[in-house]
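A.B. asks: just coords:
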């Protein structure tokens, strides 16, 4: 009997990193995400060429020892553009979902645990925001503020906050009726303590998973807006720009779209796997369940 | 008179569709230090609502119509939220029915105990003091228990931890709402023994809400029998068990599973059911089920006070 309890206690106690390494899916996610993070951080040192240097004579080259991923319609080195693209894609997506996650967390907790009128008001705001067609909303904001990276981040934050806040609010609502919150109140805990000590650790797990799975969506959104010339301005090497430009010469140089699509797919998979792995690791009940 | 908790003329209603449900009606009780008061009654008689009102933690929709709950002289029902919070946990604490859901699943036992006491008095939140408290409620290897998550403990262990949490700040009053209902019989006996030991060593008043007469007989000094939101009889446990005066108390005691009717092999029951609390009759609410009713019982029953703090709400008990 005693050995069983020891075993059960084990997964919850070791660090998140070690637990992730023990999970094949989490490990795959961690490796992919670390690779892209490495590319993003080390772009100036590992990219073989300047990503915006033109070399029109070498345009539309297929992969070769000189250009491992070939070149685009202006002869720019595709591998370098993809590496720099990782920096743009991750920079924009992590910044924007990070900001959106923080706002969504606080607003959701306040709506879920706060007074009923505040909940009603916040839900009305979330619902009205999500009822706007995203692309028109984005167009409207970009028309007012002008295209650019900062506008893009603002648009993503505004679009994502209602979804995050609603997730957190639903969780908070069901948790705030649970016995242990009642027990906390019976022990004299105030609203601030209940929200930040007891509700927050319970709701943050699902949010981390949602955010991880949202990063690819944001990368796609950035690509879409860049394609419409409303996102990152060319010649900046965003993956969306590379895809958009590659699409116009799909028949002549199909490798551009394929090779620019691969990091998009891998980044999506990586962040999704990482999200799944984190879900198992962050929830101590999940860790215990695996042993029974 | 040195009562730790005094409930006076308390009435609580729930707003429901088409009227109000009178869950607690004109209840007066008191409990002294070192005394264990049992509140007993069948499901839906208002005993849990009464327990929640004692710590002013009523669910949404409940409304206090009248009365007071005085803890060492302070009326809890009139306190602003901040003052109420500083008393909860420190002067009055509660143990809940189901130990499986009474802990936050993502925090270790140690974190939660530290949080309970840290809210009032951070000096008491040291691991040594917490472990000592757990050892006092009979948790083996208390220091390691602090590192555990709630799901790693059994139901009985969790209820011990819940009791430790409630006693952490040495409250004057401990309210236990059906503390053994969710546990098996062996665990129930252990928890009752624990509560009996603790009440002498902690010098606090204990209120136990239960529908289990055995728990009352084992543990309590005084008992209040509730029916349809009212306390129909209260007094010392021995008096009530040996000489019940109210017909409901008598019927309740007769329903002991130990006295199965030898001929039929059936459990004795009380015929009929609890009256509708949204539409109570004028007279005695127990009248439809009472076997000894008088014509006078169509009028509200008088509260008859007897020596040694005993009282009965019945026409028959009158002079």
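C.D. replies: Alright, I've got the coordinates. Given the structure is predicted, the values throughout are model-derived calculations rather than measurements.

A.B. asks: Show me what from the stretch 101-250 of chain B comes close to chain A.
C.D. replies: The interface of the stretch 101-250 of chain B toward chain A, taken as C-beta under 8 Å from any C-beta of the partner chain, is made up of B:101-107, B:115-116, B:119-120, B:147-149, B:151-152, B:162, B:165-166. Bear in mind the C-beta positions are built from the backbone N, C-alpha and C, glycine included.

A.B. asks: Got a PyMOL select line for the buried ones in the residues you listed?
C.D. replies: The buried residues among those can be selected in PyMOL (16 or more other C-beta atoms under 10 Å in any protein chain shown) with this line:
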select buried, chain B and resi 101+102+103+104+105+106+107+115+116+119+120+148+149+151+152+162+165+166
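
A.B. asks: Check what pLDDT residue 268 gets.
C.D. replies: Assuming you mean chain A. At residue A:268, the model reports a pLDDT of 84.

A.B. asks: actually chain B
C.D. replies: Looking at residue B:268, its pLDDT reads 76.

A.B. asks: my read is it is in a strand, agree?
C.D. replies: No. Assignment of residue B:268 by DSSP: H, G, I helix; E, B strand; the rest coil gives coil, placing it outside any strand.

A.B. asks: my read: it touches residue B:258, true?
C.D. replies: No. At 10.5 Å, residue B:268 does not count as touching residue B:258 under the criterion of C-beta atoms under 8 Å.

A.B. asks: The nearest residue to residue A:236 once chain neighbours are set aside: helix or strand, and which one exactly?
C.D. replies: Among residues not flanking residue A:236 along the chain, residue A:88 sits closest, at 6.4 Å (C-beta to C-beta, 6 or more residues apart in numbering or on different chains). Using DSSP states H and E, the element containing residue A:88 is helix A:78-113.

A.B. asks: Residue B:175 now?
C.D. replies: According to DSSP H and E, residue B:175 maps onto strand B:173-177.

A.B. asks: So what's the residue count around the residue nearest to residue A:236?
C.D. replies: Neighbour count for residue A:88, taken as other C-beta atoms under 10 Å in any protein chain shown: 25.

A.B. asks: Look up how far residue B:121 lies from it.
C.D. replies: 52 Å (C-beta to C-beta, to the nearest Å).

A.B. asks: cool, residue B:182 as well?
C.D. replies: Residue B:182 sits 30 Å away from residue B:121, taking C-beta to C-beta as the criterion.

A.B. asks: Show me the shaky parts of chain B.
C.D. replies: B:1, B:259-262, B:318-319 (pLDDT under 70).

A.B. asks: Go ahead and name everything in contact with stretch B:181-198.
C.D. replies: Contact partners of stretch B:181-198, identified using C-beta atoms under 8 Å, 6 or more residues apart in numbering or on different chains, comprise B:36, B:97-100, B:136-138, B:155-156, B:159-160, B:163, B:167, B:176, B:179-180, B:206, B:208, B:210-212, B:215, B:218-219.

A.B. asks: Inside helices: which ones of the residues you listed?
C.D. replies: The members of the contacts of stretch B:181-198 that map onto helices under DSSP state H are B:136, B:155-156, B:159-160, B:163, B:167, B:215, B:218-219.

A.B. asks: Now do the buried residues in stretch B:170-177.
C.D. replies: Within stretch B:170-177, the residues scored as buried using 16+ other C-beta under 10 Å are B:171-177.

A.B. asks: Check stretch B:269-276 too.
C.D. replies: The neighbour-count criterion (16+ other C-beta under 10 Å) identifies B:270, B:274-275 as the buried residues of stretch B:269-276.

A.B. asks: hang on, the earlier thing: ok, residue B:182 and residue B:121, which is more surrounded?
C.D. replies: Applying other C-beta under 10 Å to residue B:182 and residue B:121 shows that residue B:182 carries more neighbours, namely 19 against 12.

A.B. asks: Count the residues that sit near residue B:7.
C.D. replies: Residue B:7 has 24 neighbours, counted by other C-beta under 10 Å.

A.B. asks: which residues of the stretch 51-200 of chain B fall in strands?
C.D. replies: For the stretch 51-200 of chain B, the strands defined by DSSP state E, counting those that start in this stretch occupy B:62-71, B:74-75, B:92-95, B:173-177.

A.B. asks: quick one on the thing from earlier: from the buried residues of stretch B:269-276, pick the one nearest residue A:44.
C.D. replies: residue B:274 (78.2 Å; C-beta to C-beta).

A.B. asks: Centroid-nearest residue for the chain?
C.D. replies: Going with chain A. The centroid of chain A falls nearest to residue A:215 when counting by C-alpha atoms, centre = their mean (2.0 Å).

A.B. asks: The intended chain is chain B.
C.D. replies: Nearest to chain B centroid, counting by C-alpha atoms, centre = their mean: residue B:209, 2.4 Å.

A.B. asks: can you tell me which residues contact it?
C.D. replies: Neighbouring residues of residue B:209 by C-beta under 8 Å, 6+ apart: B:38-39, B:47-48, B:50-51, B:175-178.

A.B. asks: if you set the cut-off to 7 Å instead, what comes out?
C.D. replies: B:39, B:47-48, B:51, B:176-178 (C-beta atoms under 7 Å, 6 or more residues apart in numbering or on different chains).

A.B. asks: For it, give its distance to residue A:119.
C.D. replies: For residue B:209, the distance to residue A:119 (C-beta to C-beta) stands at 32 Å.

A.B. asks: Residue A:107 too?
C.D. replies: Relative to residue A:119, residue A:107 is positioned 10 Å away (C-beta to C-beta).

A.B. asks: and which of the buried residues of stretch B:170-177 is nearest to residue A:57?
C.D. replies: Closest to residue A:57 out of the buried residues of stretch B:170-177 is residue B:177 (83.8 Å), distances taken as C-beta to C-beta.

A.B. asks: That closest one and residue A:19: what is the separation?
C.D. replies: For residue B:177, the distance to residue A:19 equals 38 Å [C-beta to C-beta].

A.B. asks: With residue A:152 instead?
C.D. replies: Distance from residue A:152 to residue A:19, by C-beta to C-beta: 35 Å.

A.B. asks: And the two? Which one has more around it.
C.D. replies: Using other C-beta under 10 Å as the criterion, residue A:152 and residue A:19 rank with residue A:152 on top: 28 against 20.

A.B. asks: which non-adjacent residue is nearest residue A:164?
C.D. replies: residue A:104 (2.6 Å).
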